[in-house]
Structures are given as structure tokens and as C-alpha cells.
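Asks: need a 3D model of the following:
(chains A and B)
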Amino acid sequence: MPKPRSNIRLAEAALLFAALGDETRLRLLRQLSEAGPASISVLAHNFQVSRQAVTKHLQFLAAASIIQGKREGRVHVWTLNPVRLAEAQRCLEVIARGWDDALGRLKAQIEEGI
Amino acid sequence: MTTTTELTRIDRTIEIKAPPERVWRALTNAKELSTWFQMTIEGEIATGNEVWMTSMSKGYAGVRFRVRFVEMTPPARFVWQWHPGAVDPNIDYSKEPRTTVTFTLEPMEGGTRLSLAETGFNEISLARRAKVFGDNSQGWTEVLVWLSNYAQAAV
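Replies: Reported below is the predicted structural model:
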């Protein structure tokens, strides 16, 4: 089997990619990436969408663990979760290594008649 | 071998010292595919067909994958779709999105250049990307770059 695919990590990665499949969420992530942690009020103001809409998107991203919220005094602040993003990347690297092995076997099979 | 792994796709290119026709046979003949891919294959490898592949490799023996053959253009393009990570027998993956695996064969001096791409790890349509980043930008690529830079720098 060329792809040692861990079902848990891949399921999580699928959730990550789904979470990224929305323009508002992408913009929110970009903002959090470039400008650092922010509150719902700041995000809603920047994107000129309702606080309710921003909350919904933030919850989706939090469910995929792409961002995490924490309370700072009276304000709830959202921040990117870099570990999560790195996990998704590693997950694909595992699949890619599976392909490297498989293609190596293919080449040997053809060239050496194995 | 050239390698690329982004957050949404995998690309590999290798050179094989054999003509495309020979490489094509290794890709599409069930017995040959079964050997290097380390899977048993139930069903016929033909355009439009769906087959079960069962892993024979160490640590994954018995894991089954539903594979649909989308395109077979000998000896140049072989495309299939499957469910990434569809390894939990208790989950019905039939409605979930599949990734697409494309083998491209190009003749070169002394053999064949074989490219592999597995795509579809994201489901962001081109239209949506264009809308987000403007028609003239490589929007999604940019997102991946900043996301992965952020991830690498911070971990």
C-alpha cells in the first residue's frame, strides 16, 4: 500500500480544507495571520459583516482547530493555531512519501524486470 | 525525482528508462499495477469502471479503497479518483469528495518522463479563488504560502 494514510489525521485534514473553502473564512485567516490575534468586534468591523456572521465563521474555524479563542479580560480574542496548520501539512507529506515509495517500486519493476 | 508538496496537492516526476508503452502497461495492467502498488485489484481497469483495491503492504494489509478510473488515454494519461483516508470501515465515504490521481507520460530521450499529481485536497473552486483574490492573482497559492510559512515559523 503506497499510502500510509492515518484515518484520524486525514479526517482532520479534510475538515481543515473544508474550513478553508469559504472566502470570508480565508479573509479572516489572512487577517489573523498578518495582523495577529483579534476580537470579534475588530474582525466584524474590518470585514463590514455582522458580528453574528463573523461569529459563525469563527466557530467553524475553531471546530477545525484552525483558530483558538481565549478570554483577555472582558474580550474574547481569536488567534491562529499554527500547530493545526502544520499537522495538515505533515499529513500530506505522509501521503507524498507513500507515493515516493510506490514510484520507486514502479521504476524498479520496469527497469529491472522485478 | 522532483517533488512538491503543498497543502492541497502532491506532484512528483520521475524518469524511467523504458518507452511510454512499457510504462503504460505497468500502470494499467492489473497484475503489474498490483505488484508495485502493493494492492490486490477486484474488477477491470477500464474507463468509467469502479474497482476495489485492497492493500497488501505492511501495516495496512486489508485496508480497502474504492477507485474510479476516469480517463485512460494510452500511452499518455491515466486518471483515477479515490477517497483520501477512506480507511475506516464504519464510515460511508461514498458521498465524500475524492482526490484525483493523474499519471502523465511523456516520451524523452532514453525513456519516459512520468508525472504524478494527486489533487483535490481542497475544494475551493477556481471561481471562488478568483473572487477572493482578484482575477490576476495566484490567490490560492499565496494563501498556501502564507499559511505554511506561518506554520513553519511558529512550530
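Asks: who's in contact with whichever strand or helix holds residue B:114?
Replies: Assigned by DSSP states H and E, residue B:114 belongs to strand B:111-119. For strand B:111-119, the external contacting residues (C-beta atoms under 8 Å, 6 or more residues apart in numbering or on different chains) are A:95, A:99, A:103, A:106, B:8-20, B:22-23, B:84, B:99-107. From N, CA and C alone the C-beta is placed, and that goes for glycine too.
Asks: how far does the longest helix seen in chain A sit from its chain's centre?
Replies: In terms of residue count, the longest helix belonging to chain A (DSSP state H) is helix A:82-112. When distances are taken as C-alpha atoms, centre = their mean, to the nearest Å, helix A:82-112 is centred 20 Å away from the chain's centroid.
Asks: re earlier: now, the contacts of strand B:111-119 that are in helices?
Replies: A:95, A:99, A:103, A:106, B:20, B:22-23.
Asks: show me what the helix or strand hosting residue B:69 is packed against.
Replies: Using DSSP H and E, residue B:69 maps to strand B:64-73. Counting contacts by 3 or more C-beta pairs under 8 Å, 6 or more residues apart in numbering or on different chains; DSSP states H and E, strand B:64-73 packs against strand B:50-55, strand B:77-82.
Asks: count the neighbours of residue 72 for me.
Replies: All of this refers to chain A. 9 (other C-beta atoms under 10 Å in any protein chain shown).
Asks: wait, chain B
Replies: 19.
Asks: so is the residue lying closest to it once chain neighbours are set aside in a helix, a strand, or just coil?
Replies: In space, and not counting its chain neighbours, residue B:72 is closest to residue B:47: 4.9 Å by C-beta to C-beta, 6 or more residues apart in numbering or on different chains. Look at residue B:47: counting by DSSP: H, G, I helix; E, B strand; the rest coil, its state is coil.
Asks: many thanks, have a good one.
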